[in-house]
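[1] Need the 3D shape of this:
(2 chains)
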Amino acid sequence: MSIKSFNPNRIRNKFPILNKKINNNQLVYFDNAATTQKPIQVIESINKYYSEYNANIHRGIHTLAEKATQEYEKTRKTVSKFINSRSEKEVIFTRGTTEGINLIASSFVKNFIKKGDEIIISEMEHHSNIVPWQMICEENEIILKTINVFENGEIDLDNFKELISNKTKFLSIVHTSNTLGTVNPIKEMIEICKKNNIITMIDGAQASAHSKIDVQDLNCDFFVLSAHKMYGPTGVGIVYGKEEILEKMPPYMGGGEMIKDVNFKKTTYNELPYKFEAGTPNIGDVIGFNEALSFINNIGLDNISLYEKELKNYASNSFNEIEGINIIGNSKNKIGIFSFTVDKIHYYDLGLLLDSKGIAIRTGHHCTQPLMDKFNLEGTARVSLAIYNTKNEIDYFVEKLKQLIN
Amino acid sequence: MKSTNSIQKDIISNFQTLDDDFEMILNYLIELGEKLDEFDVEEKKDDNLIKGCQSKVWLSYKIIDNKLFFSGDSNTSITKGLLSLLIKVFSNQTAEEIIKTKLFFINETGLCRFIGTQRSNGLESMENKFKIIALSNKK
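    From the prediction side, this is the model:
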């Protein structure tokens, strides 16, 4: 499909919820950075799993268990291809990005980081990429440093270079900011880290549905994402890790699935990726995630990027014409995420008033309180776009926002 | 003096004229908030602050003839409207009356359906603050 033949209405038809009326108005869903809506094929695949082959995976020998295991593992293969990992062993299922970061923080730190070492994050991180590191640092007397963010929402690369010392062992950085929309120069940052023997983790929660991710090309050591921000179900996430590093990391949780042999003298652990997947996983939703990835692959990430860029530029131009709106974050390289405040209308009021017109936006601090403090804000309103949004929806939003401002 | 229950019934009947229309309800709340007496700037201190996830509310009170009189403010117009309804219910009442009052107007006006009981609006914390003030002033 080329961009010329790209038809957002054909895409919209695949999402039952988009036909819904909210407060007597057609739903305009602009809260995609929080979670995206799900296409019918995802919903149907979960339904099919529970209706036709629900069983626990990996250990059962009966037909249903075999089918469920195959479908579950099929998703791992698709993810591996989607992010271009060397092997499926490098793909670990989690509950989401937050669990992924916690897994890496608590497991990696045990064998690789010691007292007095330094970890670097940035000022634009989501709380889920701040708090796990704070916890680990406090417990192990490790120093946490933060990279400065400029007023325009771009990361201060010079400051990043200055922060690096021979004690720096780890960089955990967001690919695309959920508040500012900024796309960080992560490839460049990873290269700098490689030269300094620093392990890198990329928080790809906001990136993976919008641009092509190639973990080999990036050369990152870890990459984490959430299915539900990629048209997939909630409760599923991925940790990608380089095999040689994952091999050296101890299990994160103990329980079923992650063991080879258990006895009271010594328990041995399963191989990758299973040693990190204790307990019965979220089978139905993992299977649903495969369909979400098929949905993205069928449109093609190149087409998605092109269309979303066009939509972002259109929104940006339209928003700039509204008097009394202040856009927070004007990075040159950004996706369709617009945080803003409006003179004289509190963001909470704005969110409810727009909801009464059928428009769903996010309001608040977006789990980035340090960033809000930096910009001297308590919160913002946020519009975040996805593949099924249209210029007509942006026009409708602008019209309603202008009415509220006047 | 009207009882807290009868004030709540008045509020419910006022809301019935809004036809369950979300936009009208929001505008009505905003109007109610605007009608609230101006809040003394000096009372905007941390002791009087109720911090919700997305909005801030300040609540102060005085006691005249054994009855509590509340005044308040919020940095958001809709929350201020909600606050004004609580002030209407709880003001000019004894501490004992406030403590035993069950708030039923939130459900019966349908407000909860629109505004939700989410932490973002802090309605629950507001109600608690009124009750705590009443408890600390109980005879």
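[2] where are the low-confidence patches of chain B?
    Low-confidence segments of chain B (pLDDT under 70): B:113-114, B:116-121.
[3] List the strands paired with the helix or strand hosting residue A:200, with their directions.
    In this assignment (DSSP states H and E), residue A:200 forms part of strand A:199-203. Applying DSSP bridges, strand A:199-203 is found paired with strand A:168-174 (parallel), strand A:222-226 (parallel).
[4] near chain A, which residues of chain B?
    Contact residues (CB under 8 Å from any CB of the partner chain) of chain B with chain A: B:22-23, B:26, B:30, B:53-55, B:75-79, B:115, B:120-121. Quick note: C-beta positions are derived from backbone N, CA and C, even for glycine.
[5] among these, which ones are buried?
    Neighbour-count burial (16 or more other CB atoms under 10 Å in any protein chain shown) is assigned, among those, to B:22-23, B:26, B:30, B:54-55, B:75-79, B:115, B:120-121.
[6] among the residues you listed, which are in helices?
    Among these, the members found in helices (DSSP state H) are B:22, B:23, B:26, B:30, B:77, B:78, B:79, B:115.
[7] which stretch of helix or strand covers the residue minimising distance to the centre of chain B?
    Nearest to the geometric centre of chain B sits residue B:86, at 2.1 Å (CA atoms, centre = their mean). In this assignment (DSSP H and E), residue B:86 forms part of helix B:77-90.
[8] what's the closest of the strands paired with strand A:199-203 to residue A:55?
    Nearest of the strands paired with strand A:199-203 to residue A:55, taken as CB to CB: strand A:222-226 at 25.5 Å.
[9] helices or strands next to the helix or strand encompassing residue A:311 in the packing?
    Taking DSSP H and E as the criterion, residue A:311 maps to helix A:301-320. For helix A:301-320, the elements it packs on are strand A:325-328, strand A:337-342, helix A:391-405, judged by 3 or more CB pairs under 8 Å, 6 or more residues apart in numbering or on different chains; DSSP states H and E.
[10] Out of the strands paired with strand A:199-203, indicate the one that is most buried.
    Counting by mean count of other CB atoms under 10 Å in any protein chain shown, strand A:222-226 has the highest mean neighbour count of those, with a mean of 28.
[11] Can you name the next helix or strand after that one?
    Sequence order places strand A:237-241 as the next helix or strand after strand A:222-226, per DSSP H and E.
[12] Check the model's average confidence along that next one for me.
    Strand A:237-241 carries an average pLDDT of 98.
[13] Alpha carbons of that strand, in CSV - could you do that?
    What follows is strand A:237-241, C-alpha atoms only, in CSV (Å, rounded to 0.1, in the frame of the first residue of the first chain):
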residue,chain,number,x,y,z
GLY,A,237,4.7,-6.0,27.1
ILE,A,238,8.1,-7.0,25.8
VAL,A,239,11.6,-6.8,27.1
TYR,A,240,14.1,-7.2,24.3
GLY,A,241,17.6,-7.9,25.6
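[14] what lines up beside that strand in the sheet?
    Partner strands and pairing direction for strand A:237-241 (DSSP bridges) are strand A:91-94 (antiparallel), strand A:222-226 (antiparallel).
[15] Helices along chain B, start to end?
    Listed in chain order, the helices of chain B (DSSP H) span B:4-16, B:22-35, B:77-90, B:95-100, B:105-108, B:111-115, B:123-136.
[16] Can you list the neighbours in contact with the second one?
    Spelled out, it's helix B:22-35. Applying CB atoms under 8 Å, 6 or more residues apart in numbering or on different chains, the external contacts of helix B:22-35 come out as A:23, A:349, A:352-353, A:355-357, B:15, B:18, B:74, B:77-85, B:110-111, B:114.
[17] for that helix, which positions count as buried?
    In terms of neighbour count (16+ other CB under 10 Å), helix B:22-35 has its buried residues at B:22, B:23, B:25, B:26, B:27, B:28, B:29, B:30, B:32, B:33.
[18] Check the first one too.
    For helix B:4-16, a neighbour-count test (16+ other CB under 10 Å) marks B:4, B:7, B:8, B:11, B:12, B:15 as buried.
[19] For residue A:1, give me the pLDDT.
    In this model, residue A:1 is scored at 50, pLDDT.
[20] can you check the one 3 residues further on too?
    Turning to residue A:4, the model gives it a pLDDT of 56.
[21] biggest separation within the residues of chain B next to chain A, which pair?
    Based on CB to CB, the longest span within these runs between B:23 and B:53 and measures 23.3 Å.
[22] Now stretch A:375-385: buried residues?
    A:375, A:377, A:378, A:379, A:380, A:381, A:382, A:383, A:384, A:385.
[23] of these, closest to residue A:262?
    Taking CB to CB as the measure, residue A:384 is the one of those closest to residue A:262, at 45.4 Å.
[24] show me the contacts for the closest one.
    A:30, A:31, A:32, A:33, A:34, A:178, A:181, A:336, A:337, A:338, A:362 are the contacts of residue A:384 under CB under 8 Å, 6+ apart.
[25] Try it again at 10 Å.
    By CB atoms under 10 Å, 6 or more residues apart in numbering or on different chains, the contact list for residue A:384 reads A:29-34, A:36, A:178-179, A:181, A:206, A:229, A:335-339, A:361-362, A:366.
[26] just residue A:172 next, same as before
    Applying CB under 10 Å, 6+ apart, we find residue A:172 in contact with A:101, A:104-105, A:119-122, A:125, A:129-130, A:132-133, A:144, A:199-203, A:222, A:224.
[27] same check, this time on residue B:40
    B:48, B:58, B:60, B:71, B:73 are the contacts of residue B:40 under CB under 10 Å, 6+ apart.
[28] Over to residue B:122?
    B:50-57, B:74, B:76, B:79, B:82-83, B:128-129.
[29] and which of those is nearest to residue B:67?
    residue B:129 (17.6 Å).
[30] any idea how far residue A:131 is from the closest one?
    Relative to residue A:131, residue B:129 is positioned 28 Å away (CB to CB, to the nearest Å).
[31] Between the two, which is the more surrounded one?
    Relative neighbour count places residue B:129 above the other of residue B:129 and residue A:131, with 21 against 16, counting by other CB atoms under 10 Å in any protein chain shown.
[32] Would you agree the more buried one is in contact with residue B:87?
    No. Residue B:129 is beyond contact range of residue B:87, at 11.3 Å (criterion: CB atoms under 10 Å).
[33] Tell me the residues that contact both of these two, please.
    Listed as contacting both residue B:129 and residue B:87 by CB under 10 Å, 6+ apart are B:59, B:61, B:70, B:72.
[34] Dihedrals phi and psi, residue A:146?
    The phi/psi pair for residue A:146 (degrees, to the nearest 10) reads phi -120, psi 140.
[35] what kind of secondary structure is the residue of the stretch 151-300 of chain A at minimum distance from chain B in?
    Proximity of the stretch 151-300 of chain A to chain B (CB to the nearest CB) peaks at residue A:179, 14.8 Å away. Following DSSP: H, G, I helix; E, B strand; the rest coil, residue A:179 is assigned to coil.
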